[in-house]
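**Student:** here's a sequence, model it:
(chains A and B)
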Amino acid sequence: MTVVQLVVNGLLLGGVFALSALGFNIIYGVMRVVNLAHGDVVVIAAMVCALAFGALGLNPLVLLPVAVAGGFVLGAAIHRLLLRRLPAETASTEASSLTLTFGLSFFLAGGGLALFGGSFRSVPFLTGAFDVGGISIPQAKLLAFALALVLAAALAAFLRFTAAGCAIRATSQHLEGALACGVDIDRVRTLSYGLGTAVAAAAGALMSMIYNLNPQMGVQFTVNAFAVVVIGGLGSYAGCVLGALVLGLANAFTSYFVGASLAEAAPYVLFILVSLLMPSGLLGRRTA
Amino acid sequence: MSDDLLVVDDVTIAFGGVVALHGVSLTVRTGEVFCLIGPNGAGKTTLFNVISGLLRPSAGDVRFCGDSILGWPPHRIARAGIARTYQIVRPFSALSVLDNVAVGALAFTSSKREARLQAREIVEFVGLGAQASRRASTLTLTQRKRLEVARALALRPKLLLLDEVMAGLTPTEMDAMAEFILELGARGIGAVCGVEHVMRLVMRISHRIVVLDAGRCIAEGDPKSIQADARVIEAYLGAPVREAL
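**Tutor:** Sure, this is the predicted structure:
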């Protein structure tokens, strides 16, 4: 019974990890930018939601679309004002974008600390739990999981069925080809960074229902997202979801059998194992 | 002068100390098939990259329909009517054949449905109708070459840059490609073809030819005069043997 409970816990957690990692993946796929500020956006969004819930009593279902919109505007602004000013298409672009997002991460974490203080916050919404044959399913986790899946499906539909989504996929698959097809790469990048950040903010809004968070915890979510993307296979969206579920399960089992403090090490261990044994990830293309 | 579609004017580009193009000039007129021939490393692909905006020349000018397009971003050049294919054909491998072509059509419409309709027509035209819904990664090399052309046509180009169009094709496929290129001219689309050898076809389809060697134009003219040019023969076959063995 314990094992079933742990599987349920792990999968519910994995769903939210998946959403966060999808945002990370889209940014890496289109821009080849390892977005080290990703987790900080997650945490800042969680802080804003916790405060809005506490002060205004706003329902997380209302906060979620606000987080998506706010995240998109923030991401698009970061791209327009900072990332696109990096020298384009030189060998050092990846290194300089890494430095830039590293700095951005510090800026967001420090800004978050100054604005919100260091205390832990969460959104105490739907604190009850369903009991299904002895298995406890916390309502908040179930809701967060369901909303994460809905958003992930919406993102997938956007990428598959819209013109902009088509341009994003084309750009991430073959940059020169997209250029030759008249795709405005600069706009696609702004859109992708905006989307990725919006998804991170949405994940933050959902995390705030599950976790007690403070502004200094961004790094952990960045590592999580990065690990999920590597585990699943860089650039693979299905792999991203699979990798997140694997990480969620690893997290739940480690917490129970080894201890909660070591659960944070789970992504690192999986990261190293997958890098050693399956360098292109669970669902990654062999050539990549 | 008014029907000059593309003018490359004294273009020079250097990478570090290597001068890849040295004062290259050429003019392509509307509906004309222009062949750029030269051995491997002569600078054909570099010239294509300059025209399509991927590389900026160190000196010289490129004009399209009378406007200098120097410094334009590649997507603007593509939308203005210069489409290209790459020497190494690489489709958007995880997209369907139809969507590969639709990406180009999206330059003119923001509706995915409309783009797909236009793409469907072009996909049929290049003979990939039966493969339209397959993933592009499943295509054979020849089919990929056609897809590359289809993607370029979706931009409704006035000028098509075809880099190493004949490479990797069987003789029969080369003939089909030659027919196709001639048909472009009939539709009012100018074409610049980069070709390493296959002189038989070059002579048949070209209105004019430029021969590049080590980054320099060593000859320009119609097929007849190129065939008779001593410098061309030397570049291709080496210096004439003066002593009997």
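**Student:** show me where the stretch 151-288 of chain A has helices.
**Tutor:** Per DSSP state H, counting those that start in this stretch, the stretch 151-288 of chain A carries helices over the ranges A:163-173, A:175-180, A:185-210, A:218-232, A:237-257, A:260-263, A:266-277.
**Student:** which of those helices has the lowest average pLDDT?
**Tutor:** When these are compared on mean pLDDT, helix A:260-263 scores lowest, with a mean of 86.
**Student:** quick one: it to chain centroid distance?
**Tutor:** 20 Å (Cα atoms, centre = their mean, to the nearest Å).
**Student:** can you check stretch A:257-274 too?
**Tutor:** Stretch A:257-274 has its C-alpha centroid displaced from the chain centroid by 18 Å (Cα atoms, centre = their mean).
**Student:** circling back to that earlier point, got CSV for the helices of the stretch 151-288 of chain A, with mean neighbour count too?
**Tutor:** To be clear about C-beta, it is placed using only N, CA and C from the backbone, and glycine gets the same treatment. Written out in CSV, the entries for the helices of the stretch 151-288 of chain A read as follows (neighbours: other Cβ atoms under 10 Å in any protein chain shown):
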stretch, mean neighbour count
helix A:163-173, 22
helix A:175-180, 22
helix A:185-210, 26
helix A:218-232, 25
helix A:237-257, 22
helix A:260-263, 12
helix A:266-277, 15
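**Student:** can you add distance to chain B and give those helices back as CSV?
**Tutor:** CSV is the format used below for these (distance: least, Cβ to the nearest Cβ, whole Å):
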stretch, distance to chain B
helix A:163-173, 4
helix A:175-180, 4
helix A:185-210, 7
helix A:218-232, 15
helix A:237-257, 10
helix A:260-263, 34
helix A:266-277, 21
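**Student:** ok, now how distant is the closest residue in space to residue B:208 that isn't next to it in sequence from residue B:6?
**Tutor:** Residue nearest to residue B:208 in three dimensions, not counting chain neighbours: residue B:34, with 5.5 Å by Cβ to Cβ, 6 or more residues apart in numbering or on different chains. When Cβ to Cβ, to the nearest Å is applied, the distance between residue B:34 and residue B:6 equals 8 Å.
**Student:** residue A:228: what's it in contact with?
**Tutor:** A:17, A:18, A:20, A:21, A:24, A:240, A:243, A:244, A:247, A:267 (Cβ atoms under 8 Å, 6 or more residues apart in numbering or on different chains).
**Student:** then residue A:156?
**Tutor:** residue A:237 are the contacts of residue A:156 under Cβ under 8 Å, 6+ apart.
**Student:** element containing the spatially closest residue to residue A:208 that is not a sequence neighbour?
**Tutor:** By the measure of Cβ to Cβ, 6+ apart, the closest residue to residue A:208 outside its immediate chain neighbours is residue A:46, 3.8 Å from it. According to DSSP states H and E, residue A:46 maps onto helix A:38-56.
**Student:** OK, contacts around residue 223?
**Tutor:** No chain was given, so I picked chain A. Applying Cβ under 8 Å, 6+ apart, we find residue A:223 in contact with A:39, A:267, A:268.
**Student:** chain B is the one I meant
**Tutor:** Taking Cβ under 8 Å, 6+ apart as the definition, contacts of residue B:223 comprise B:202, B:203, B:204, B:206, B:209.
**Student:** buried subset of the residues you listed?
**Tutor:** Neighbour-count burial within those applies to B:202, B:206, B:209; the criterion is 16 or more other Cβ atoms under 10 Å in any protein chain shown.
**Student:** what about those, which are in helices?
**Tutor:** Counting by DSSP state H, the members of the buried ones among the contacts of residue B:223 that fall within helices are residue B:202.
**Student:** flag the least confident of the buried ones among the contacts of residue B:223.
**Tutor:** Across the buried ones among the contacts of residue B:223, the smallest pLDDT goes to residue B:202, namely 89.
**Student:** burial count for the residue nearest to residue B:93 when sequence neighbours are not counted?
**Tutor:** If the residues on either side of it in the chain are set aside, residue B:93 comes closest to residue B:137, at 3.9 Å by Cβ to Cβ, 6+ apart. Applying other Cβ atoms under 10 Å in any protein chain shown, we find 14 other residues in the vicinity of residue B:137.
**Student:** do the one 10 residues further on as well
**Tutor:** Residue B:147 is flanked by 23 other residues according to other Cβ under 10 Å.
**Student:** same for the helix or strand encompassing it, what does it pack against?
**Tutor:** Assigned by DSSP H and E, residue B:147 belongs to helix B:141-153. Packed against helix B:141-153, as judged by 3 or more Cβ pairs under 8 Å, 6 or more residues apart in numbering or on different chains; DSSP states H and E, are the following elements: helix A:175-180, strand B:82-85, helix B:97-105, helix B:112-125, strand B:159-162, helix B:171-186.
**Student:** okay, those in TSV with distance to residue A:151 next?
**Tutor:** Converted to TSV, these look like this (distance: least, Cβ to Cβ, whole Å):
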stretch	distance to residue A:151
helix A:175-180	26
strand B:82-85	37
helix B:97-105	24
helix B:112-125	21
strand B:159-162	42
helix B:171-186	46
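**Student:** out of those, nearest to residue A:262?
**Tutor:** helix A:175-180 (40.7 Å; Cβ to Cβ).
**Student:** I'd like to know which elements the closest one is packed against.
**Tutor:** Secondary structure elements in contact with helix A:175-180, counted by 3+ Cβ pairs under 8 Å, 6+ apart, are helix A:163-173, helix A:185-210, helix B:74-80, strand B:82-85, helix B:141-153.
**Student:** rewinding a little: find residues that contact each of residue B:34 and residue B:6.
**Tutor:** Common contact partners of residue B:34 and residue B:6 (Cβ under 8 Å, 6+ apart): B:26, B:28, B:190, B:192.
**Student:** circling back to that earlier point, residues contacting the residue nearest to residue B:93?
**Tutor:** Contacts of residue B:137 (Cβ under 8 Å, 6+ apart): B:91, B:93, B:94.
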